[in-house]
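In: need a 3D model of the following:
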Amino acid sequence: MSDPSLRPRLGTTVQPTGTRFAVWAPAAETVELVLPGRGESVALPAPDAAGVRVVDVADAGHGERYAYSLDGGPPVPDPALSLIHI
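Out: Numbers count the residues shown, from 1 in each chain. Next up, the predicted model:
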């Protein structure tokens with residue numbers, strides 16, 4: 001995807017049916033979305049050509065706590081959150 005407008009937005013996007021989680025992790029073998037409030041983890045699929053992994057989680061909404069686990073490591077905050085400037 002050479003057109004940036006066609007790439008998934010990094011971070012979270014709340015949708016009517018849940019939330020889309022997108023993270024750039026091109027070098028990781030595995031990435032899991034950790035949802036501590038639900039006591040579960042969701043494996044993200046292989047990255048696209050740009051290294052972005054995307055998963056939709058039904059019924060996840062605004063304020064859902066989450067982190068990512070790369071290659072079985074400890075959960076870490078979403079790196080997209082550091083891109084937000086107030």
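
In: who touches the helix or strand harbouring Val55?
Out: For Val55, the element it lies in under DSSP states H and E is strand 52-58. Identification of contacts with strand 52-58 by Cβ atoms under 8 Å, 6 or more residues apart in numbering yields 7-8, 10, 15, 17-25, 31, 33, 35, 42-48, 64. Quick note: C-beta positions are derived from backbone N, CA and C, even for glycine.

In: what of stretch 62-75?
Out: When contacts are defined by Cβ under 8 Å, 6+ apart, stretch 62-75 is touched by residues 12, 14, 19, 21, 23, 25, 28-37, 41, 57, 60, 76-78.

In: ok, then the element right after the strand holding Val55?
Out: Under the assignment DSSP H and E, the closest C-terminal helix or strand after strand 52-58 is strand 67-70.

In: picking that back up, distance from the strand holding Val55 to the middle of the chain?
Out: Offset of strand 52-58 from its chain centre (Cα atoms, centre = their mean, to the nearest Å): 6 Å.

In: likewise stretch 21-38?
Out: Averaging C-alpha positions (Cα atoms, centre = their mean) puts stretch 21-38 5 Å from its chain's average.

In: and it, how far apart are its ends?
Out: Distance between the boundary residues of stretch 21-38 (Cα to Cα, to the nearest Å) amounts to 16 Å.

In: can you give me the buried ones in it?
Out: Across stretch 21-38, burial judged by 16 or more other Cβ atoms under 10 Å covers Phe21, Ala22, Val23, Trp24, Ala25, Ala28, Val31, Glu32, Leu33, Val34, Leu35.

In: of all these, which two lie farthest apart?
Out: Within those, Trp24 and Leu35 form the most distant pair, 19.6 Å apart (Cβ to Cβ).
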